[in-house]
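3D model of this:
(2 chains)
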Amino acid sequence: MKSWLIRLAVLVFLVTGVYAFHEWRTNRPPRVIAAAREQRLILGNGSEVGTLDPHLATGQPEHMIFSALFEGLVAPDPNNPDANAPGVASSWETTDFIHWTFHLRPEAKWSDGTPLTAHDFVWSYQRMLTPELIAQYASMLFPLKNAEEFNAGKIKDFSEVGIKAKDDHTLELTLTGPMPYVLGMMKHYSWFPVPRHVVEKFGSMTDRESRWTRAGNMVGNGPFRLKEWRFTHSTTVERNPYYWDAGAVKLNEIVFLPIKSDATEERAFRDGQLHATMTMPLPQIPDYRKNHQDVFHEDPLLSVYFYRINTTKPPLNDKRVRRALALAVDRESLIKNVLRGGQKPAVGMTPHPEYLGYTNAPQVLKFDPEEARRLLAEAGFPDGKGFPKFDILINTSEGHRTIAEAIQEMWKKHLNIPVGIHNQDWGVYLESQRRLDYSVCRAGWVGDYPDPYTFLSIWKTGDGNNETGWSNPAYDELLAKSSVEGDAKKRLELLGQAEALLLEDLPIIPIYWYVHSYLMRPEVKGWKPSVLEHRSYKALELAP
Amino acid sequence: MVQFLASRILQGIVVVLAVLVITFFLQKLSPSSPFNNEREIPPEQRARFEEYFGFNKRWDEQLWRVFTHYATLNPPNCMKKPGRGVGEIIVQAFPVSLAIAVPSLLIALLLGIPLGAIAALKPHTWQDRTATFLATLGVCLPSLVLGPIVALIFGLWLGWFNVSGWMDPGDWVLPSLTLGFIYSGPIARLTRGGLRETLVQDFIRTARAKGVDERGVVVRHAMKLACLPVLNYLGPAVAGLLTGSFVIETVFQIPGLGQHFVNSAFENDHNLAMGITLFFAVLVVVFNILVDLLQAAVNPKIGLKT
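Next up is the predicted model:
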């Protein structure tokens, strides 16, 4: 009897304990609610940033944090981040799109209170272009006259590069040709200034291993400054009191969490640990789109998913075969039934051309299996007979495999040709692509600036990113002409003609244009969509 | 004892050296390069990278360079993270992995050994079947499946813990529970097997004949020997736990060493991959020596054989 009493007492104690624990833990306020009260925004930011030095960075997660820490001559417009608003430069003028004069704000300062002058920009661009720094995005500055030559070491004197500080607040740029879109490029972090006085304090101009970007050392010029950088844990930025437009900044802090897994990120969002995710798991998109419209967002992105074709390999060296392959892909069905993420069928190479004012973009790719079969027969493979088996090369990823399997099935069904799938590890896949050791290979391209040139220039003869073996002198000529055309409308017409040529020869098969699917809590106000994922953090606030 | 330790340390140094050389050649044999990117870099820039990281030197010079880095305890910088030293990353991430590993190990032992003991003491009963089922579950359930289930139950449904992150003091609980359960599986099976084998030995019969009660037989006499296979298992298992689990760290967003290990391989960051591999090798060597010492302490018959 006694032992039963003890057991009962233990049981009651345990149940009460669990209940008390449950009450205590479940009544904790979600992290986002407490953060909203303090105007602290918590964001998923994909993977960890490799560096916080804008001249050495290459990735998207860095881009998100740099938008808070730095500002270029031009800034994203708070109401439309893809439009160009004044940044460090309060105004600018050009007469021919080659010679540009930027007037810098006298009140512009670094986050330690040091004045920011035109000389900082000259020094920064010299640093970016100096070969010894090995800046991978140095080519973003090649629109500057002689920048490419300086970066290649052909010119040693930086004063020959097209950038001059006329005085502390006037910067003159000379470009290699008329580039009306250069303002859009300037929002890329490769064009941001870095603080000479801090970089030199922690090393030389070209020191790749400098610790100047560590918390406590780092100085920027954006609306926020670095507060804490806990590697692979979180990066926290706080309001920068020296920012020229500090009064407009509403948030006190932003915390960037490097959550690599989209499933983990989605769970963290549901658990109230994040205000917004960077991305989300594809399978959950239909449910969120249908049932959680208050938090689900889908914005177009300047990014395309496509297949490269090795045009040096028979029978893929035959334009009719490539065209047949492109016409036999049912993009609508792929998106609707396989991807289900709201992507858009790629009817051309340049994605979402309407966002670029690229009204003459050729949008010619369609699903036409009959024409595809006719072309294949014309190329000597009626009903696919005698067509040699080839593989679609993908890097190891479930998503790429699913897409490849769907396309493999379409090519089998509509063209009766045998196609395999070969997956390689990321590094090996890149190497195979580089050495043209493939037949058809999956690829993606993200625009660096809002202009079709960022999608078309890579197909020039000899461009390192071409990797298809394709070359067309007429295409090269059209691109060269566009680079010296001062009339913006005529320039887009030339680019349209070039893209039409590309889509005629088809060394690539565009599959879909990306959209950015993500989750964001309703209390985040002022967040505007951007095809280049530009963010104007000073426009954001958290409604209580 | 001194002779044993000296011999084991020497053997360990040879093992770590072998790991260094093998890893170096595997990296060299890899068809991909650390300088490959989705966006192709110009050949002259590639050449500058190769020069910067010494890839343009003869292989023996490169190997010597790697060796001197570690022999002088001065690990190189990461190839993909400018300004970050390999040593710095290990020093930063290891304590996090340690904070998960210690409770995981305790959970694994506190769950695994009693489960195995119950199964061994009540063979072919429902208790045995239940314990064996749980142990098999621990062995078979991949962390990729168990992690999200644990996060869903204790994080999203019950709301007891955060489902991810390394912000609150309680953030170690869910990853440790997951890892602990997974590691408890093999421990339970080894305990069950070890205890059943021990219980039929002569000295146990003698103890029983001398009138030692059943609890005393199991706890004082049998368990010591029965746990030897568990001890053997713990050497590499503890080293594995300490270097982090990539899956668990990804599922629960833990800034531990496992993520760096796997990412360094994906990114072809040869320097970081080499650093963490060597660190792992050293841990395996150290824990194997500790296990040998513990085994000798538990069973003097084994002794400290060099």
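
how much space is there between the residue of chain B found nearest chain A and A:Arg435?
Nearest residue of chain B to chain A (Cβ to the nearest Cβ) works out as B:Ser32 at 2.5 Å. (Glycine included, C-beta is placed from N, CA and C.) Between B:Ser32 and A:Arg435 the distance, using Cβ to Cβ, to the nearest Å, works out to 11 Å.

So which elements touch the helix or strand encompassing A:Ala324?
Using DSSP states H and E, the element containing A:Ala324 is helix A:319-327. Where contact means 3 or more Cβ pairs under 8 Å, 6 or more residues apart in numbering or on different chains; DSSP states H and E, helix A:319-327 is packed against helix A:369-378, helix A:398-415, helix A:488-505, strand A:508-519.

so which of the ones you listed comes closest to B:Glu40?
Minimum separation from B:Glu40 across those (Cβ to Cβ) falls at strand A:508-519, 15.1 Å.

Paired strands for the closest one, with orientation please.
Here strand A:508-519 has these sheet partners by DSSP bridges: strand A:296-309 (antiparallel), strand A:344-345 (antiparallel).

Can you lay out those strands as TSV showing mean neighbour count and distance to A:Leu375?
Converted to TSV, those look like this (neighbours: other Cβ atoms under 10 Å in any protein chain shown; distance: least, Cβ to Cβ, whole Å):
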stretch	mean neighbour count	distance to A:Leu375
strand A:296-309	21	14
strand A:344-345	18	20
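
Give me the neighbour count for B:Leu290.
Neighbourhood size, B:Leu290 [other Cβ atoms under 10 Å in any protein chain shown]: 15.

Oh, that last question was meant for A:His188, not what I typed.
19.

Name the nearest residue to A:Leu325, sequence neighbours excluded.
Closest residue to A:Leu325 apart from its sequence neighbours, by Cβ to Cβ, 6 or more residues apart in numbering or on different chains: A:Ile509 at 6.1 Å.

what is the one you found paired to in the beta sheet?
Beta-bridge partners of A:Ile509, counted by DSSP bridges, are A:Tyr307.

and if you look at the one 10 residues further on?
Counting by DSSP bridges, A:Leu519 forms beta bridges with A:Phe296.

For chain B, see how far away it is.
According to Cβ to the nearest Cβ, to the nearest Å, A:Leu519 and chain B sit 14 Å apart.

Could you do A:Glu228 as well?
12 Å.

Which of the helices or strands spans that residue?
Counting by DSSP H and E, A:Glu228 is part of strand A:224-230.

quick one: the helices in the stretch 201-350 of chain A?
For the stretch 201-350 of chain A, the helices defined by DSSP state H, counting those that start in this stretch cover A:262-270, A:285-291, A:319-327, A:331-333.

The ones you listed into a markdown table, with extra columns for distance to A:Asp505, mean pLDDT and mean neighbour count?
As requested, the helices of the stretch 201-350 of chain A are exported to a markdown table (distance: least, Cβ to Cβ, whole Å; pLDDT from 0 to 100; neighbours: other Cβ atoms under 10 Å in any protein chain shown):
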| stretch | distance to A:Asp505 | mean pLDDT | mean neighbour count |
| --- | --- | --- | --- |
| helix A:262-270 | 36 | 94 | 23 |
| helix A:285-291 | 34 | 93 | 13 |
| helix A:319-327 | 6 | 96 | 23 |
| helix A:331-333 | 19 | 95 | 17 |
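
Please tabulate these in JSON lines, including the columns distance to B:Val15.
Below are the helices of the stretch 201-350 of chain A laid out as JSON lines (distance: least, Cβ to Cβ, whole Å):
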{"stretch": "helix A:262-270", "distance to B:Val15": "36"}
{"stretch": "helix A:285-291", "distance to B:Val15": "49"}
{"stretch": "helix A:319-327", "distance to B:Val15": "52"}
{"stretch": "helix A:331-333", "distance to B:Val15": "55"}
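
could I get the strands paired with strand A:508-519 as a markdown table with mean pLDDT?
Below are the strands paired with strand A:508-519 laid out as a markdown table (pLDDT from 0 to 100):
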| stretch | mean pLDDT |
| --- | --- |
| strand A:296-309 | 96 |
| strand A:344-345 | 95 |
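
quick one, which of these is nearest to A:Val531?
strand A:296-309 (4.2 Å).

Go ahead and produce PDB holding the CA coordinates of that closest one.
C-alpha atoms of strand A:296-309 as PDB (Å, rounded to 0.1, in the frame of the first residue of the first chain):
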ATOM      1  CA  PHE A 296       3.600  34.300 -48.800                       C
ATOM      2  CA  HIS A 297       5.400  36.500 -51.400                       C
ATOM      3  CA  GLU A 298       6.400  35.800 -54.900                       C
ATOM      4  CA  ASP A 299       8.500  38.400 -56.800                       C
ATOM      5  CA  PRO A 300      10.100  38.200 -60.200                       C
ATOM      6  CA  LEU A 301      13.800  37.800 -60.300                       C
ATOM      7  CA  LEU A 302      16.400  38.800 -63.000                       C
ATOM      8  CA  SER A 303      17.500  35.200 -63.200                       C
ATOM      9  CA  VAL A 304      17.200  32.400 -65.800                       C
ATOM     10  CA  TYR A 305      17.500  28.600 -65.600                       C
ATOM     11  CA  PHE A 306      18.700  27.100 -68.900                       C
ATOM     12  CA  TYR A 307      20.600  24.300 -70.500                       C
ATOM     13  CA  ARG A 308      23.900  24.800 -72.200                       C
ATOM     14  CA  ILE A 309      24.500  22.800 -75.400                       C
END
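
which parts of stretch B:202-221 are buried?
B:Ile204, B:Ala207, B:Val217, B:Val218, B:His221 (16 or more other Cβ atoms under 10 Å in any protein chain shown).

I'd assumed B:Val217 was in contact with the first one.
Yes. Applying Cβ atoms under 8 Å, one finds B:Ile204 in contact with B:Val217, separated by 6.0 Å.

Grab the nearest non-local neighbour of A:Leu302.
Once flanking residues are discounted, A:Leu302 sits nearest to A:Gly447: 3.7 Å by Cβ to Cβ, 6+ apart.

Next: A:Lys385.
In space, and not counting its chain neighbours, A:Lys385 is closest to A:Asn416: 7.7 Å by Cβ to Cβ, 6+ apart.

didn't the one you found look like it was pressed against A:Gly384?
Yes. Look at A:Asn416 against A:Gly384 with Cβ under 8 Å: they come within range, at 3.3 Å.

Quick check: closest non-adjacent residue to the residue of chain A found nearest chain B.
Relative to chain B, the nearest point of chain A is A:Gly427 (2.5 Å; Cβ to the nearest Cβ). Nearest non-adjacent residue to A:Gly427, counting by Cβ to Cβ, 6+ apart: B:Ser32, 2.5 Å away.

ok, the one you found - contacts?
Residues in contact with B:Ser32 (Cβ atoms under 8 Å, 6 or more residues apart in numbering or on different chains) are A:Asp425, A:Trp426, A:Gly427, A:Val428, A:Tyr429, A:Leu430, A:Glu431, B:Asn268.

Kindly indicate whether it is helix, strand or coil.
Under the three-state scheme (DSSP: H, G, I helix; E, B strand; the rest coil), B:Ser32 adopts coil.

Same question for B:Gly211.
Quick answer, by three-state DSSP: B:Gly211 is coil.

what pLDDT does it get?
The model reports B:Gly211 with a pLDDT of 82.

do the same with the one 3 residues further on
Reading off the per-residue confidence, B:Glu214 sits at a pLDDT of 80.

Can you list the helices and strands that the longest helix seen in chain A packs against?
When chain A is parsed with DSSP state H, its longest helix is helix A:2-26. Applying 3+ Cβ pairs under 8 Å, 6+ apart, we find helix A:2-26 packed against no helix or strand.

Any idea how far whichever helix or strand comes after it is from the middle of the chain?
Per DSSP H and E, helix A:2-26 leads on to helix A:31-37 as the next helix or strand towards the C-terminus. Offset of helix A:31-37 from its chain centre (Cα atoms, centre = their mean, to the nearest Å): 29 Å.

One more: stretch A:479-492?
Here stretch A:479-492 is found 25 Å from its chain centre; the criterion is Cα atoms, centre = their mean.
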